[in-house]
Structures are given as structure tokens and as C-alpha cells.
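Engineer: How does the following fold in three dimensions:
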Amino acid sequence: MKKIIPTETVNRRLGQGGSYLVFIGGDFPLTHIITANKNGRKIFMIKDSYGNALAPFLTMHYEEIFVADYRSFNSNLIRFIIRENIDDLLFLHNIAVANNKYSASRESYLMRIRDLAPRIMRDTTSVVE
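Structural biologist: Prediction:
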């Protein structure tokens, strides 16, 4: 989570071979999207791979979107939400993931671990028009 990777919210150049990566470039520990929507609202989405496709739709409703893959995000969720002044929290999983013990224990763990939150580098995030 120390490496910043610029990406596009929807990448139309990937074609059929990269269709899984079309939305937010795939699975990363943390993706930060800054939109052209200037309403001051922020959302934090905890997701598995299926959540990637929803991220572009959130750009219509939020100024900032934080997307975390619960399998590789290693920061204290509560402290991160407080520090970034997050308004809404969304858990988005496919049905198989939502109904297994690993998901529940991993997401519970994210609320208890010591604070290893990455520093958000504002000048390296992309603006979605």
C-alpha cells in the first residue's frame, strides 16, 4: 500500500482481453477517486472484485471515493474513516463472499488492527470528469 498507481475509473482501451480490469484497474488495497462532483461527500467502500464495477457509478454522488479490497487493505478501518471525514460506508461483496467466515473475520479484524493507514498523496490521484 505504499506504491501509488494512477488508474482510470473506466478504461475503455482494454478490450475483451482485459474486461475484468476495465473498472478501476482491478484489485488494489486502496483506490482513491476524486471526482468533479463538488458536494463535499465522501464514501468508503469495502469490496471484493465484484465491487469494482460499482465504483464509477458512485462518482455521480460523491466528491471522493475510497475503495478498499478487504483482502489486502491493512489499516484500521475506524481510524481511517475518522481521519478522512468519511460520510458513508458501503460493504459490497458477491453472495459467496458475504456468506463465508473469512470475510466476516477479516472485516472485523480491520476494525481492531493497529493504525497502518497509508498516507493519501492528494497530487497523485486522478480527477474523474
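
Engineer: Which parts of the chain are strands?
Structural biologist: Using DSSP state E, the strands of the chain run over 30-35, 42-47, 64-69, 88-92, 126-128.

Engineer: Adjacent strands (with direction) for the third one?
Structural biologist: This points to strand 64-69. Strand 64-69 sits in its sheet next to strand 30-35 (antiparallel), strand 42-47 (parallel), going by DSSP bridges.

Engineer: mean pLDDT for the ones you listed: which is lowest?
Structural biologist: If those are sorted by mean pLDDT, strand 30-35 sits at the bottom with a mean of 87.

Engineer: shouldn't residue 37 be in contact with residue 61?
Structural biologist: Yes: between residue 37 and residue 61 there is a contact at 7.1 Å, judged by CB atoms under 8 Å. To be clear about C-beta, it is placed using only N, CA and C from the backbone, and glycine gets the same treatment.

Engineer: Compare those two and say which is more crowded by neighbours.
Structural biologist: Neighbour count, other CB atoms under 10 Å: between residue 37 and residue 61, residue 37 has more, with 16 against 13.

Engineer: backbone phi and psi for the more buried one, please?
Structural biologist: phi -70, psi 110 (degrees, to the nearest 10).

Engineer: Look at it and report its pLDDT.
Structural biologist: pLDDT, read off for residue 37, is 90.

Engineer: Same check on residue 115?
Structural biologist: For residue 115, pLDDT reads 54.

Engineer: Out of the strands of the chain, which one sits most buried?
Structural biologist: Most buried of the strands of the chain by mean neighbour count (mean count of other CB atoms under 10 Å) is strand 64-69; its value is a mean of 24.
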